[in-house]
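Engineer: Quick one: sequence plus predicted model below, questions after.
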Amino acid sequence: MAGGGGGGGGCRRVRGPELRELLDSKRDVLFDCDGVIWNGEAAVAGAPEAVRLLKQRGKRVFFVTNNCTRPRGNYAHKFSRLGFSDVSEEDIFSSAYCSAAYLRDVARLSGKVFAIGCQGVLQELRDAGVDVVAEDSAEGPDTSIYDCPLDPDVRAVLVGYDEKFNFMKLAKACCYLRDSECLFLATDPDPWHPLRGGRVTPGSGSLTAALETASSRKATVIGKPSRFMFECIASQFDLDPAQSLMVGDRLETDILFGANCGLCTVLTLTGVSTMEQAQEYKDSEAPEKKDFVPDYVVESIADFSEALEDE
């Protein structure tokens, strides 16, 4: 029952004693946030209790999110605001934080980074001591790519979620990437995010796709489903894939991330992906689709609370 990882999951619904047995067999639990722990500014029912009970049973709980809009400190405040009493900044690994760690520790960037992203991205880069190209306050609405200054010290371009994405940012990034030695990174590949009222907002992946097309280069993705996010946590906390569980709501990022890292995976149905989509991937003849199939499926993280309390 404990289950392995690495994709080609059984897509089995699980709850009660069976779910408790699964949780008891693991030491570390990794949760996605949006659609799993909360939806917008409301915690998913039972989520604070599930996290508390897991920690009471000696589990190490981590949060891995592709949402790069907030620095880790802001995420810690959000957890507290939504009723999670024992989540610290060190438990949270966002794509912004991991991108900054990658530039500092892996790439050992010696120059500056041109960052397309919101405050969460910029803050994490600065906190990591990564030199970021400052916005030019002298640029006005009539400034064009023909005459704007370009920083000669740029050695990397990082693309994240940016509500102020515009043609000039795209054009500047394109110019920097003409240098084949300039690194090209993306915080995450998420194409879109659901909003209240049935609307959506384009994600980092759609902005990255624009720059990939314009530059004829492919970005190195830092967030899920890339392995680096797991390696970032493992380097600090000595995680063993065989002892770890990944819980997410998006098959193409969360579940694929788990498969890529050799983790046992659980899909929760409170977010983006549906049981029908998981079953379609399971029934597909295409081998590459098997890594999108979760090992297990729960209705909600509240099932964790039920399973752990029902002893």
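Structural biologist: Right, received. Where do you want to start? Given the structure is predicted, the values throughout are model-derived calculations rather than measurements.

Engineer: Tell me which residues touch the closest residue to Gly160 other than its chain neighbours, please.
Structural biologist: Leaving aside its chain neighbours, Gly160 sits nearest to Gly117 (3.4 Å; criterion: Cβ to Cβ, 6 or more residues apart in numbering). Yep, even glycine has a C-beta here, placed from its N, CA and C like the rest. Gly117 makes contact with Cys68, Ala96, Leu158, Val159, Gly160, Tyr161, Asp162, Thr187, Ser204 under the criterion Cβ atoms under 8 Å, 6 or more residues apart in numbering.

Engineer: Tell me how many other residues crowd the fourth one.
Structural biologist: For Val159, the number of neighbouring residues by other Cβ atoms under 10 Å comes to 31.

Engineer: Per-residue confidence at it, what does it come out as?
Structural biologist: Note for Val159: predicted pLDDT of 98.

Engineer: Bridged to it, which residues?
Structural biologist: Beta-bridge pairing for Val159 (DSSP bridges): Ile116, Ala186.

Engineer: ok now do it, which residues does it touch?
Structural biologist: Ile116, Gly117, Ala173, Leu185, Ala186, Thr187, Ser204, Leu207, Thr208, Leu211, Ala219.

Engineer: how would you label Val266: helix, strand or coil?
Structural biologist: Secondary structure assignment for Val266 (DSSP: H, G, I helix; E, B strand; the rest coil): strand.

Engineer: isn't it right next to Leu245, touching?
Structural biologist: Yes - counting by Cβ atoms under 8 Å, Val266 sits close enough to Leu245 to count as a contact (6.4 Å).

Engineer: Overlap of the contact sets of these two?
Structural biologist: Overlap of the contact sets of Val266 and Leu245 (by Cβ under 8 Å, 6+ apart) consists of Leu22.

Engineer: and the residue lying closest to Ala50 once chain neighbours are set aside, which of the three is it?
Structural biologist: Excluding its sequence neighbours, the residue lying closest to Ala50 (Cβ to Cβ, 6+ apart) is Phe304, at 3.9 Å. At Phe304 the chain is in helix, as set by three-state DSSP.

Engineer: what are the ranges of the helices in the stretch 1-150 of the chain?
Structural biologist: 16-24, 47-56, 72-81, 95-101, 119-127 (DSSP state H, counting those that start in this stretch).

Engineer: Highest mean neighbour count out of these?
Structural biologist: helix 95-101 (a mean of 30; mean count of other Cβ atoms under 10 Å).

Engineer: Run through the neighbouring helices and strands of that one.
Structural biologist: helix 119-127, helix 228-237 (3 or more Cβ pairs under 8 Å, 6 or more residues apart in numbering; DSSP states H and E).

Engineer: Around Arg60, count how many other residues there are.
Structural biologist: Arg60 sits with 18 neighbouring residues when counted by other Cβ under 10 Å.

Engineer: With Ala209 instead?
Structural biologist: If we define neighbours as other Cβ under 10 Å, then Ala209 has 16 of them.

Engineer: Okay, and it sits in which element?
Structural biologist: Counting by DSSP states H and E, the element that carries Ala209 is helix 204-215.

Engineer: What of Leu170?
Structural biologist: Element membership for Leu170 (DSSP H and E) is helix 167-176.

Engineer: Off-centre distance for that helix?
Structural biologist: 25 Å (Cα atoms, centre = their mean, to the nearest Å).

Engineer: what's the answer for stretch 77-88, then?
Structural biologist: That offset, for stretch 77-88, works out to 19 Å (Cα atoms, centre = their mean).

Engineer: try stretch 174-194
Structural biologist: Using Cα atoms, centre = their mean, the offset of stretch 174-194 from its chain centre is 16 Å.

Engineer: now do the same end-to-end measure for it.
Structural biologist: This stretch, stretch 174-194, spans 29 Å end to end (Cα to Cα, to the nearest Å).

Engineer: let's have the chain start at 46 instead
Structural biologist: Okay, using 46 as the starting number, the last item reads as stretch 219-239.

Engineer: Can you list the buried residues in that stretch?
Structural biologist: 219-222, 227-235, 238 (16 or more other Cβ atoms under 10 Å).

Engineer: right, and out of those, which lies closest to Ser318?
Structural biologist: The nearest member of the buried residues of stretch 219-239 to Ser318, counting by Cβ to Cβ, is Asp235 at 12.6 Å.

Engineer: pLDDT score assigned to Ala255?
Structural biologist: At Ala255, the predicted lDDT confidence score is 98.

Engineer: looking at it, it is touching Leu215, isn't it?
Structural biologist: Yes - taking contacts as Cβ under 8 Å, Ala255 lies within contact range of Leu215: 6.0 Å.

Engineer: tell me, what's touching the two both at once?
Structural biologist: Common contacts of Ala255 and Leu215 (Cβ under 8 Å, 6+ apart): none found.
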